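Trainee: Would you be able to build a 3D model of this:
(one chain, ligands or ions: 1)
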Amino acid sequence: MKPIKVGLLGLGTVGTGVVRIVEGHQEDLASQVGSPIQIGKVLVKDVSKSRSIHVPDHLLTENAWDIIDDPEIDVVVEVMGGIEPTKEYIMEALDRGKHVVTANKDLIALHGREIKAKAKEKRCDVFYEASVAGGIPIIRTLMEGFSSDRITKIMGIVNGTTNYILSKMSQEGAGYEEVLQEAQQLGYAEADPTSDVEGLDAARKMAILATLGFHADVSLEDVEVRGISRIKKEDIAFAKKLGYEMKLLGIAERQDDQISVVVQPTMVSTAHPLASVNGVFNAVYVYGEAVGETMFYGPGAGEMPTATSIVADLVAVIKNMKLGVNGQRALTPYKEKKLKSDEQIAYKNFILLHVEDKAGVLAQITQVFAEYDVSLDSVVQQPNPNNPDAEIIIITHYASRANMNKVFEHFEQLSVIKSIKSAYRVEG
Ligand SMILES: NC(=O)c1ccc[n+]([C@@H]2O[C@H](COP(=O)([O-])OP(=O)(O)OC[C@H]3O[C@@H](n4cnc5c(N)ncnc54)[C@H](OP(=O)(O)O)[C@@H]3O)[C@@H](O)[C@H]2O)c1
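Mentor: Modelled structure (predicted):
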């Protein structure tokens with residue numbers, strides 16, 4: 001039987017896993033798709049580099065056009081990363097009628113619309129399961145498993161680096177810088193960790209999930225982002241004392257077709273399943289009107305977990321080829337994107353204030369909340385042994401962001417408040 005030939009762009013961590021799975025699971029894969037799958041050619045930057053797997057020399061190339069222009073290659077698997085020249089390679093491959101599987105969340109979040117339009121025009125598949133939460137099949141779940149439901153909330157721990165750092169800070173009471181350095185030494189954080197710790201990586205993934213979950217074209221600019229670099233160990237200690245874990249959560253919500261997507265450090269109640277997702281693991285919580293609460297948990301990265309998702313996409317592409325239905329999986333968002341205003345976005349808040357330690361202060365503060373219609377769940381005042389000021393910890397009920405902004409502006413003018421030490425969203 002004629003094999004299906006795959007062109008692999010990249011043979012790094014993920015590319016190596018793809019070769020291992022395609023070769024190691026050959027019999028199972030062939031039984032599922034009805035043809036052998038063969039790695040036809042592999043693009044690398046440097047063919048002379050030593051590698052952890054053996055790929056015959058004649059399959060390696062430093063010239064992408066050896067793959068893009070090869071009429072024998074049916075599917076291009078892109079695992080080289082980056083935006084350019086990767087985007088050009090993908091667009092050219094699609095132009096030549098090749099299907100594309102990619103793990104590249106940056107590319108999909110930034111140029112997904114253009115790439116999908118080209119794929120549709122050429123009746124090609126573009127699948128990208130590995131781009132969000134590596135080994136968790138969340139994209140297929142949103143597109144197919146929940147196709148009959150209306151999803152109203154997606155919350156994700158979709159960045160393993162930040163989850164590792166926050167878990168360590170929580171478990172060991174350690175400071176951010178110390179844990180970041182340790183994560184870098186262990187290879188869990190990059191030398192330049194900005195994209196991870198400032199929430200940009202998570203924002204790209206949440207734009208992809210929100211687009212699929214809500215059927216609206218959510219772009220990166222629509223995601224409000226705050227990272228973890230300013231979280232203090234005291235914040236985490238307070239969170240634990242009150243029954244919460246600090247997590248970098250991506251939160252996408254929809255109400256009456258109005259959408260909001262944020263990535264921000266969030267205090268998650270220990271009763272919520274996301275609170276117990278620790279280390280480099282990822283999890284995505286999905287709430288559907290009909291199904292209710294669901295959660296998907298697993299490895300968010302790594303050679304074999306990520307390659308599993310890629311080869312599953314490859315299987316889907318080849319099955320479509322056999323049926324002659326490539327390019328027909330509903331990929332286009334069909335709802336108009338309407339973003340929520342600050343008046344429509346509401347959540348519970350944790351606020352830590354340092355205030356003058358004298359009578360009547362608490363009354364002044366609660367008066368401000370009342371003025372802007374924010375009701376309070378709990379207020380705790382305690383003296384601070386290291387500080388002449390007192391600490392006030394407040395948890396609000398659901399309050400609109402617009403009203404909370406007014407509260408914070410008012411606090412700036414209140415002389416009894418020395419500083420707003422911390423403010424976090426609360427979930428669960
Ligand atoms: N690593 C993970 O766990 C993970 C998880 C989910 C998604 N992803 C995504 O998967 C993609 C690949 O990640 P990775 O960790 O496997 O990357 P990697 O280890 O850095 O591998 C990149 C590969 O691409 C090749 N390459 C890069 N730029 C090239 C160019 N301009 N021309 C030719 N070859 C080029 C490199 O060649 P040489 O080998 O010759 O240097 C290398 O083989 C990225 O989009 C990443 O975001 C990764």
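
Trainee: residues from this structure in reach of the ligand?
Mentor: Residues of the chain lying near the ligand by Cβ under 6 Å from any ligand atom: 10-15, 43-46, 49, 79-81, 85, 103-104, 130, 134, 301-302, 306. No exception for glycine: its C-beta is placed from N, CA and C like everyone else's.

Trainee: In helices, which of those residues fall?
Mentor: 13-15, 306 (DSSP state H).

Trainee: Make a ChimeraX selection of the buried ones in those residues.
Mentor: Command for ChimeraX, covering only those of those found buried under the criterion 16 or more other Cβ atoms under 10 Å:
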select :13,14,15,306
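
Trainee: from the ones in helices among the residues of the chain next to the ligand, which two are the most distant?
Mentor: 15 and 306 (9.9 Å; Cβ to Cβ).

Trainee: Which of the helices or strands spans residue 259?
Mentor: Assigned by DSSP states H and E, residue 259 falls within strand 258-269.

Trainee: Output stretch 103-121 as CSV, nothing but the C-alphas.
Mentor: Output in CSV follows, covering the C-alpha atoms of stretch 103-121 (Å, rounded to 0.1, in the frame of the first residue of the first chain):
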residue,chain,number,x,y,z
ALA,A,103,2.5,22.8,17.6
ASN,A,104,3.1,26.5,17.2
LYS,A,105,0.7,28.5,19.5
ASP,A,106,2.5,31.8,18.7
LEU,A,107,1.8,31.4,15.0
ILE,A,108,-1.8,30.2,15.5
ALA,A,109,-2.6,33.0,18.0
LEU,A,110,-1.1,35.7,15.8
HIS,A,111,-1.8,34.5,12.3
GLY,A,112,-4.4,31.7,12.7
ARG,A,113,-7.1,33.5,10.8
GLU,A,114,-4.9,34.0,7.7
ILE,A,115,-3.6,30.4,7.8
LYS,A,116,-7.1,28.9,8.3
ALA,A,117,-8.4,31.0,5.4
LYS,A,118,-5.7,29.7,3.1
ALA,A,119,-6.3,26.1,4.2
LYS,A,120,-10.0,26.5,3.5
GLU,A,121,-9.3,28.0,0.1
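
Trainee: Find the nearest non-adjacent residue to the residue of the stretch 151-300 of the chain found nearest the ligand, please.
Mentor: For the stretch 151-300 of the chain, the residue closest to the ligand is residue 300, as judged by Cβ to the nearest ligand atom, at 7.2 Å. Spatially, and ignoring its direct neighbours in sequence, residue 300 is nearest to residue 282 (3.1 Å; Cβ to Cβ, 6 or more residues apart in numbering).

Trainee: Domain parsing of this structure, as residue ranges.
Mentor: Per the TED database, the domain ranges recorded for the chain read 4-134+303-323, 138-299, 346-426.

Trainee: Give the buried residues for the host helix or strand of residue 67.
Mentor: Assigned by DSSP H and E, residue 67 falls within helix 65-68. For helix 65-68, a neighbour-count test (16+ other Cβ under 10 Å) marks 66-68 as buried.
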